[in-house]
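K.L.:
Turn this into a model:
(one chain, ligands or ions: 1)
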Amino acid sequence: MSYPKTVPHWIADVEITPKDSAFFEKRNPATDQVIAQVARGGAADVAHALSSAAGAADDWGRAPVPKRGAILGRAAQLLREREKEFGEIVQAETGKPWKNAVAEVGSSADLAIFMEGEGSRLYGKTLPSPIPNRTVQTLRSPIGICAAIMPFNSPLAGVAWKVFPALLCGNAVVVKSHELTPYTAIAFGKLLKDAGLPVGVYGAVQGYGPDAGAPLVQDHRVGVVSFTGSSATGKLIQKMVSGRDVLAKVCLELGGKNPFVVCDDADLDLAVELAVTSAFIDAGQRCASGSRILVFDRIYDAFRAKFLARVEKVKVGSGPDDDCGPVISKANLDRLITQVSGAVGRGAKLVAGGKPTASTSGYYMQPTVLENVSPNDEVSQNELFGPVTCLYRVDGFDDAVRLANGTHYGLTGAIHTTSLHRAQEFITRYQGGLVSVNGATFGAGPHMPFGGVKNSGNGFREPGTEALDVYTELKTVVINHVPAKV
Ligand code: NAD
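P.N.:
Numbering: from 1, shown residues only. This is a model prediction of the structure:
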């Protein structure tokens, strides 16, 4: 696959680059080379995409649900056939090691298969009524048009997580690609076309958030805004929708500052291995990455020694055997270096990394570990979204729970312990959307609802059957009949 020299919009099933379009550069994070010029979309492109979606939404919403599901089934098959092509697109856009890029293709196909199955269900309820000869039921209705606004970190999985359930539920979808990973959504459109999706049901526009994202969110034709990105932008989007004449449903999947707790009865080797994976997979650019490692005082020194030895072995690069790819942009790399040196200036101790790697021209950063960081410091409180984690010493279980809950985020949390009682207490007391016992801070599957509390989300979950709550409206139907009229 060669990455296209120009990345267009995808509207009414064709690639469109308006004659008067401005462009911005797309660089490969692994090489710093410019690989494409991206159409810089704005309100006119968004309006065009929405008109196309509006023309297609009604028929699509009335198509039998199993037929919609069958198209997703074909999309899954095509994804598997085109695994190499999509893996290469993800790799060119993110610089991820191949194993992580290609994993997105498999998980996206799995999600399409799961959602295809929902095409035979999409259950409502039948409800009893105290009134004679009355039947009450609930139906799941399509909402109409879904605006899907994307983050950059897992471009294919990100599009799949929103678009497959939204389509299955009978909505037309307009994606706003992330400006740093623009082409995935276009290749996805071609795939859906080949899978038999009717013209106009899926579109994608390019551009920066304020230029292309804002007009999409603010357009009253959009009935559901599904956003994944930072908490700050999520709050802005919620505000924008509140300012519209007609409200819309807003699903926010936001950031995390996820604690990884290591108790004094933990299997230390397992905890070390999974702490490293949690912190550095995808160069720490995962909402669920383990950015705070909370270790019981009694085993702190033993854990620290093993952990730092293992961090040294993390292979930085984008090759087949590498573990930790580049961060997405030079700007993010510079920001991370500044944040780490700022923390050191405020008294933190740098015990690993802290610099760009010397050997390549991409945006690679050494896996970085800080300790002696105040829990109130900005690097303890704010998501950094890079290969940086902090070690904290905790007195015991209560201290660990207090610290784990001590940020405005609440996405995921992990605890390593052999005590059933500690595990169960952590499950109960951790304020987050996912708890992992003796695992990594992440873990997702097509059937698993994922999302957060506090500044990590607004109560919705994707995917699983819970995603159906995002992309349908529940309609309650009351039917009265008169037996005498039979
Ligand atoms: P971001 O908030 O900077 O950007 C996300 C999207 O919002 C982009 O497409 C951007 O163009 C758009 N945007 C920006 N300003 C906008 C505006 N004014 N109006 C409309 N759209 C606008 O986030 P990011 O840095 O691209 O992504 C990383 C973030 O995503 C992290 O915080 C990460 O934790 C989060 N994330 C969360 C999940 C989850 O499931 N909870 C999954 C992946 C990533």
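K.L.:
who touches residue 77 in this structure?
P.N.:
Taking Cβ atoms under 8 Å, 6 or more residues apart in numbering, we find residue 77 in contact with residue 109. C-betas here are computed from N, CA, C, even on glycine.
K.L.:
Tell me the first helix or strand C-terminal of the one helix or strand it maps to.
P.N.:
Under the criterion of DSSP states H and E, residue 77 resides in helix 65-81. Later in the chain than helix 65-81, the nearest helix or strand by DSSP H and E is helix 83-94.
K.L.:
buried sites along that following helix?
P.N.:
86-94 (16 or more other Cβ atoms under 10 Å).
K.L.:
and the following helix or strand past it, what other elements does it pack with?
P.N.:
Note on helix 83-94: by DSSP H and E, the next helix or strand toward the C-terminus is helix 98-118. Where contact means 3 or more Cβ pairs under 8 Å, 6 or more residues apart in numbering; DSSP states H and E, helix 98-118 is packed against helix 65-81, helix 83-94, helix 155-168.
K.L.:
For the longest one, what is the distance to the chain centroid?
P.N.:
On the basis of Cα atoms, centre = their mean, to the nearest Å, helix 65-81 sits 22 Å off its chain's mean C-alpha point.
K.L.:
same check, this time on the second one
P.N.:
Averaging C-alpha positions (Cα atoms, centre = their mean) puts helix 83-94 17 Å from its chain's average.
K.L.:
Give me the mean pLDDT for that helix.
P.N.:
Helix 83-94 shows a mean pLDDT of 97 in the predicted model.
K.L.:
what residues does that helix touch?
P.N.:
Applying Cβ under 8 Å, 6+ apart, the contact partners of helix 83-94 are 1, 3, 26, 28-30, 35, 79, 96, 98, 101-102, 104-106, 108, 152-156, 180-184, 187, 282, 318, 325, 328.
K.L.:
Out of the helices and strands packed on helix 98-118, which is closest to the ligand?
P.N.:
Nearest to the ligand among those is helix 155-168 (6.5 Å), distances taken as Cβ to the nearest ligand atom.
K.L.:
now the angle from the closest one to helix 83-94?
P.N.:
For helix 155-168 against helix 83-94, the angle by axes from the mean of the first three to the mean of the last three Cα atoms, to 10 degrees is 120 degrees.
K.L.:
same for helix 155-168, what does it pack against?
P.N.:
Judged by 3+ Cβ pairs under 8 Å, 6+ apart, helix 155-168 is in contact with helix 65-81, helix 83-94, helix 98-118, strand 145-149, strand 172-176, helix 184-195, strand 222-228, helix 467-471.
K.L.:
how far off strand 145-149 does that helix point, in degrees?
P.N.:
Counting by the same axes, to 10 degrees, helix 155-168 points 170 degrees away from the direction of strand 145-149.
K.L.:
for the record, mean pLDDT for helix 155-168?
P.N.:
Averaged over helix 155-168, pLDDT sits at 98.
K.L.:
where does the protein dip in pLDDT?
P.N.:
Within the chain, the stretches with pLDDT under 70 are 1, 360.
K.L.:
what does it have sitting close to the ligand?
P.N.:
Counting by Cβ under 6 Å from any ligand atom, the residues of the chain close to the ligand are 149-153, 176, 178-179, 208-210, 213-214, 217, 228-230, 233, 236-237, 253-256, 287, 383, 385, 411, 452.
K.L.:
Kindly state the domain boundaries assigned to the protein.
P.N.:
6-254+457-475, 259-437 (automatic domain parsing).
K.L.:
dump the residue contacts of residue 35.
P.N.:
Contacts for residue 35 (Cβ under 8 Å, 6+ apart) come out as 3, 26-28, 92.
K.L.:
try it again with 10 Å
P.N.:
Taking Cβ atoms under 10 Å, 6 or more residues apart in numbering, we find residue 35 in contact with 2-5, 7, 25-28, 92-93, 183.
K.L.:
Now the buried members of those.
P.N.:
3-4, 7, 26-28, 92-93, 183.
K.L.:
Please report phi then psi for residue 398.
P.N.:
phi -60, psi -40 (degrees, to the nearest 10).
K.L.:
Packing partners of the helix or strand hosting residue 237?
P.N.:
In this assignment (DSSP H and E), residue 237 forms part of helix 231-242. Applying 3 or more Cβ pairs under 10 Å, 6 or more residues apart in numbering; DSSP states H and E, one finds that helix 231-242 contacts strand 145-149, helix 214-218, strand 222-228, strand 249-253.
K.L.:
Go through these and pick out the most buried.
P.N.:
Highest mean neighbour count among those (mean count of other Cβ atoms under 10 Å): strand 145-149, with a mean of 28.
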